[in-house]
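Novice: Pasting the sequence and the predicted model now:
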Amino acid sequence: MRIGPYQLRNRILLAPMAGITDQPFRKLCATYGAGLTFSEMMSTNPQVWHTEKSRLRLAHHQDAGINAVQIAGSDPDEMAKAAQVNMDYGAEIIDINMGCPAKKVNRKMAGSALLQYPDLVRQILESVVNAVDVPVTLKIRTGWDLEHQNCVEIAKIAEQSGIQALTIHGRTRECLFEGNAEYDNIKAVKQQVSIPVIANGDITSAEKAKSVLAYTGADGVMIGRGALGNPWLFRSIESLVEHDSIIFEPSLDEKCGVILQHIQDLHKFYGEEKGYRIARKHVAWYLQGIQPNSDFKQTFNAITVPKEQLLALEEFFNLIVMDKQQC
């Protein structure tokens, strides 16, 4: 799969997720097979471009692969300027967010709210594409609500505007993340445009990824919530989709080692004052796949010293491994 001049390692992508797809997580997912990873959503407000929060969001590591940055906003000129700033900071792909369903984003006429205004969509896309020398991609939903599913119209506008790839989440804004994602609209879009189309929504297993690709004819799949606490999902999807072979999940020992390293990377990346807080949500997601009913989550969340977090995790994992060996 190609996006502009870039040949991707495979067609399995990590979705941009606010508060989640920071540098340590992108690097981890890339290690396990994500062919492209996206940064957290960046605002077009110039007042926040040079803040510590923005600096962390823009931080990139070569091990994460191609530097793809997502931006969100509603003013064509501001979006163009934001794209230029991010390109100057090293972005190799600019992704435009027109899929976020969050109220605080939609109130500013950004994210999925833009799907209600195709003319404005065109203005934004053309402004950004003309402002930068890197590929521009777009992420959308199927429409604002079930009565106004206009993703085919938006896809055609995107193609005409020079967008290099289009990701579609199989829900409307009205659906939020409720119910099941549907893929009929993604299939319809793929039949109407020639640019790469990436299917997104409820892809939580290798088998699901393969079936979605087969049904929609999409060029790739994007994994969002399915990767939380499960970065090795990319390896299993790549194995089945690209090589038609089944690969087993990592051993418990490997998972524990990966988790410890991830938490240590978070401490280093964010610093002691913030790192231990960020670590809590990731540990909660990891526990869902290892020991979901454990009381350890509460124990871990009470720890406020990074080194003590690591010691507690190591002790907890050692006990789990010992229990498994005795069974």
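Specialist: Yep, it's here.

Novice: Buried residues in stretch 79-93, which are they?
Specialist: 79-87, 89, 91-93 (16 or more other C-beta atoms under 10 Å). Backbone N, C-alpha and C define where each C-beta goes, glycine included.

Novice: buried set for the longest helix seen in the chain?
Specialist: Taking DSSP state H as the criterion, the chain has its longest helix at helix 306-326. Residues 306, 309, 310, 312, 313, 316, 317, 320 are the ones in helix 306-326 that count as buried (16+ other C-beta under 10 Å).

Novice: average pLDDT across it?
Specialist: On average, the pLDDT along helix 306-326 is 86.

Novice: what does stretch 103-112 give?
Specialist: Averaged over stretch 103-112, pLDDT sits at 89.

Novice: Surely residue 114 and residue 125 touch.
Specialist: No: here residue 114 lies out of contact with residue 125, judged by C-beta atoms under 8 Å, at a distance of 10.0 Å.

Novice: Sketch out the low-pLDDT regions of this structure for me.
Specialist: 46-58, 323-327 (pLDDT under 70).

Novice: that older thread, quick one: distance of the longest helix of the chain to the chain centre.
Specialist: Helix 306-326 has its C-alpha centroid displaced from the chain centroid by 29 Å (C-alpha atoms, centre = their mean, to the nearest Å).

Novice: Stretch 256-268 too?
Specialist: Distance of stretch 256-268 from the chain centroid (C-alpha atoms, centre = their mean) equals 19 Å.

Novice: Same question for stretch 175-188.
Specialist: The answer for stretch 175-188 is 17 Å, by C-alpha atoms, centre = their mean.

Novice: Ok, stretch 276-284 next?
Specialist: Centroid separation for stretch 276-284 versus its chain: 18 Å, with C-alpha atoms, centre = their mean.

Novice: do the same with stretch 77-91
Specialist: For stretch 77-91 - counting by C-alpha atoms, centre = their mean - the centre lies 20 Å from the chain centre.

Novice: Next: stretch 244-253.
Specialist: Taking C-alpha atoms, centre = their mean, one finds stretch 244-253 lying 22 Å from the centre of the chain it belongs to.
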